[in-house]
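Participant: Here is a sequence together with a model predicted from it:
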Amino acid sequence: MTVAPEGTASLPEVVESKDGLRARLEAARVAGIAQGRPFSVGLVPTMGFLHEGHLSLARRARVENDLVVMSIFVNPTQFGPAEDLDRYPRDLDRDLSLAAGEGVDLVFHPSAEEMYAPGHCTWVDVEGLSEVLCGRARPGHFRGVATVVTKLFALCRPDRAYFGQKDAQQALIVRRMAADLDLGVEVVVCPIVRDADGVAMSSRNAYLTPQQRARAPILNRALRAAQHALESGERDAGAVKDAALKVLAEDPPDRVDYVEVVSADDLREPQVVRGEVVVAAAVFFGATRLIDNVLVKVP
């Protein structure tokens, strides 16, 4: 295990191989069982460049499990040909220091070659949930997400895995996948963590120029307008979307990818809004795509 500077928490142990990860977790389980008590593993999957949203997941995992594993892996199969794989922000030393502060025990940091052996040809598709919202603009993205998460679940065999509500579509896809494939993992979805101005925390926020960052709160204000419309009695999905678009028009992003009102359990757009719904949006500031959403329970 790597040792941090004096006066700080010890850095998590870093494992780079699948075999090493399996061996380390099996040894921990055996030791826990030898003590005559249940032993639980919590998994926090990330692509690194950690922020408070990630750390909130690690914090919850620490409370609920005996051992906390964080994966830090920029997964190439969820990036399209023209997307930001090569420039996605990375800083492992910083990530390890932040993870240590939340009590993460083990960091799995594999290479792409370790995760995808030559000839890899097996993929996980969650049909019906992957083609809408972000899936329309990013074909294949959620196939890559579902595949790598399935692999992480198989390697870690966690009791619980922690995801953020910021990507509501991803969270629902992972939850459905775990249930449909009987993976035996409890998928825990944690609230969105926001900056003081309402902007949802994201590693990609680092791409924004100061001017773009100053404009970014308009996205959350638009979603809150849609939420207010629902809470004021509006039940027409089109009118709810219009409420959000009206706010976006006040200080328009460079491009609006989508604004949608969908059912929280199947991502279908209802004609008459009822039950729990997600108001979700994706917009661009320059080349940077930001997503956000609000959950609303409608009587």
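Facilitator: Received, thanks.

Participant: Name all residues that make contact with Val189.
Facilitator: By Cβ atoms under 8 Å, 6 or more residues apart in numbering, Val189 lies in contact with Phe163, Gly164, Gln165, Ala171, Arg175. (Each C-beta comes from the backbone N, C-alpha and C, glycine too.)

Participant: same check, this time on Val259
Facilitator: Contacts of Val259 (Cβ under 8 Å, 6+ apart): Ala222, Ala226, Lys241, Ala244, Leu245, Leu248, Val279, Ala280, Ala281.

Participant: and what of Val124?
Facilitator: Arg143, Ala146, Thr147, Thr150, Met177, Leu181.

Participant: Mark which of those residues are buried, thanks.
Facilitator: Arg143, Ala146, Thr147, Thr150, Met177 (16 or more other Cβ atoms under 10 Å).

Participant: and those, which of them are in strands?
Facilitator: Applying DSSP state E to the buried ones among the contacts of Val124, no entry is found in strands.

Participant: quick revisit: okay, the contacts of Val189 in CSV with pLDDT and neighbour count next?
Facilitator: Formatted as CSV, those follow (pLDDT from 0 to 100; neighbours: other Cβ atoms under 10 Å):
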residue, pLDDT, neighbour count
Phe163, 98, 23
Gly164, 97, 22
Gln165, 97, 18
Ala171, 98, 17
Arg175, 98, 20
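
Participant: Which one of those is nearest to Arg289?
Facilitator: Gly164 (16.5 Å; Cβ to Cβ).

Participant: Looking at strand pairing, list the partners for the closest one.
Facilitator: Cys190 (DSSP bridges).

Participant: Against Val187, how distant is it?
Facilitator: Gly164 sits 12 Å away from Val187, going by Cβ to Cβ, to the nearest Å.

Participant: Which neighbours do those two have in common?
Facilitator: Jointly contacting Gly164 and Val187 under the rule Cβ under 8 Å, 6+ apart are Ala171.

Participant: Identify the residues contacting Ala206.
Facilitator: Counting by Cβ under 8 Å, 6+ apart, Ala206 makes contact with Phe49, Pro89.

Participant: how far away is it from Pro191?
Facilitator: 22 Å.

Participant: Asp292 too?
Facilitator: 13 Å.

Participant: Over to Ala161?
Facilitator: The separation that Ala161 has from Pro191, given Cβ to Cβ, amounts to 16 Å.

Participant: who's more crowded, those two?
Facilitator: Taking neighbours as other Cβ atoms under 10 Å, Ala161 and Pro191 compare with Ala161 leading, 27 against 12.

Participant: Thought Glu186 was touching the more buried one, still the case?
Facilitator: Yes - taking contacts as Cβ atoms under 8 Å, Ala161 lies within contact range of Glu186: 7.4 Å.

Participant: ok, and what's touching the helix or strand bottoming out on mean pLDDT in the chain?
Facilitator: Within the chain, judged by mean pLDDT, DSSP states H and E, the helix or strand with the poorest mean is helix 18-34; its value is a mean of 93. Here helix 18-34 makes contact (Cβ under 8 Å, 6+ apart) with 13, 15, 38-39, 41, 66-67, 69, 106, 108, 110, 114-115, 155-157.

Participant: Many thanks, I have nothing further to ask.
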